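[1] Sequence below, structure please.
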Amino acid sequence: MLKSKNTTLGEYIIENQSSFQYSSGELSKLINAIRLAAKVVNHEVNKAGLIDILGAAGDTNIQGEDQQKLDVLANEKFIQTLKNREIVCGIASEEEDDFISINSNDEQHRNKYVVLIDPLDGSSNIDVNVSVGTIFSIYRRITPEGTPVTLEDFLQPGRNQVAAGYIVYGTSTMLVYTTGDGVNGFTLNPAIGTFYLSHPNMEFPETGKIYSVNEGNYNHFPQGVKDYIKYCQKEEDDRPYTSRYIGSLVSDFHRNMIKGGIYMYPKSSKASNGKLRLLYECNPMAFLAEQANGKASDGHTAILDLQPTELHQRVPFFCGSIKMVEKAEEFMK
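    As a prediction, the model looks like this:
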């Protein structure tokens, strides 16, 4: 398996294609399409402030949240790129009310994969020049080939994912993904527009010293979450832990995977089901976490074992170093 840090993402995809159980070349083309869209969005993100793409677009998405101009732009770029490559039969986006069914050239719906995507996670941070990201999740369709995709193709448990990943647009731009054989990170060299393998075999430390949660919502959290936060703050053994919360899931997850930590977005009296979307955020991040020696749950059940019931479903989310998540679950009991 190719693991040299001089390896480009394109070379890595070709070299490791045989390790993927459905090796037919289509998934490789799909990852390449995401790579291309990521470079386009990265270019636009880096122009923020120079052209009129900052601020609200004036519309709201299906969740009732204000859409940022870059939300709309990133959504269009990813959908357009995936459509143009003619390698997916369906797309679901956090920014779209419903899923998009895509015909192949022969009009027979022969493509095998559906993609679910959060085009620009943390986009409200763009205005203040804080890292944002894209999250993607890939499944094989379960309805028969040759027919249009249905909602059933998108409402699959996270365990059915064949690939997932994210792009973080920060001081450097990285694409991190898994196809169920570990997690690898690729950093963009902006001078030549090529992603290079920079973080092979990424793994969460077994435990860490960082907890990431919006403590401004503390009074609205369940008692178990409050007790765990107090545990993190207590001066005892290797504690207190350090509180670090960016407000961009991709950025918080990425930091905690490298340094060791836990990310929490629990349910609250203000959001009875939590805030994060199961299909666009929690499932792909949970797949990455488990492939990187970490853990992800809703506080009680593994995220990847949850059966989705709707396209924009929200769930509580606890994710990170395995011992920290398990300790949080003890308090949630």
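
[2] What is the one helix or strand residue 224 maps to packed up against?
    Element membership for residue 224 (DSSP states H and E) is helix 223-233. Counting contacts by 3 or more Cβ pairs under 8 Å, 6 or more residues apart in numbering; DSSP states H and E, helix 223-233 is packed against helix 322-332. For every residue, glycine as well, the C-beta is placed using N, CA and C.

[3] Show me what the helix it packs on is packed against.
    In this structure, helix 322-332 packs against helix 223-233, strand 261-265, strand 294-297, strand 317-321, with contacts taken as 3+ Cβ pairs under 8 Å, 6+ apart.

[4] Domain-wise, how is the chain divided?
    9-199, 210-332 (automatic domain parsing).

[5] Now mean pLDDT too, for those domains, in a markdown table please.
    A markdown table is the format used below for those (pLDDT from 0 to 100):
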| stretch | mean pLDDT |
| --- | --- |
| domain 9-199 | 84 |
| domain 210-332 | 97 |
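
[6] okay, the ones you listed in a markdown table with mean neighbour count next?
    Below are the domains of the chain laid out as a markdown table (neighbours: other Cβ atoms under 10 Å):
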| stretch | mean neighbour count |
| --- | --- |
| domain 9-199 | 18 |
| domain 210-332 | 20 |
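
[7] returning to what we had before: may I see the helices and strands packed on helix 322-332 organised as TSV, with distance to residue 279 added?
    Output for these, formatted as TSV (distance: least, Cβ to Cβ, whole Å):
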stretch	distance to residue 279
helix 223-233	23
strand 261-265	15
strand 294-297	14
strand 317-321	12
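
[8] Nearest to residue 129 among these would be which one?
    Ranking those by proximity to residue 129 (Cβ to Cβ) places strand 261-265 first, at 21.8 Å.

[9] Name every strand pairing with that closest one and say which way it goes.
    strand 210-212 (parallel), strand 317-321 (antiparallel) (DSSP bridges).

[10] Among those, single out whichever gets nearest to residue 260.
    Using Cβ to Cβ as the measure, strand 317-321 is the one of the strands paired with strand 261-265 that comes nearest residue 260, at 5.0 Å.

[11] Could you check what's spatially nearest to residue 122, not counting adjacent residues?
    Spatially, and ignoring its direct neighbours in sequence, residue 122 is nearest to residue 248 (2.7 Å; Cβ to Cβ, 6 or more residues apart in numbering).

[12] Quick check, central residue of the protein?
    residue 135 (3.2 Å; Cα atoms, centre = their mean).

[13] any idea which element that one lies in?
    Going by DSSP H and E, residue 135 is in strand 132-140.

[14] Neighbouring strands of that strand in the sheet, and parallel or not?
    strand 113-121 (antiparallel), strand 161-169 (antiparallel).
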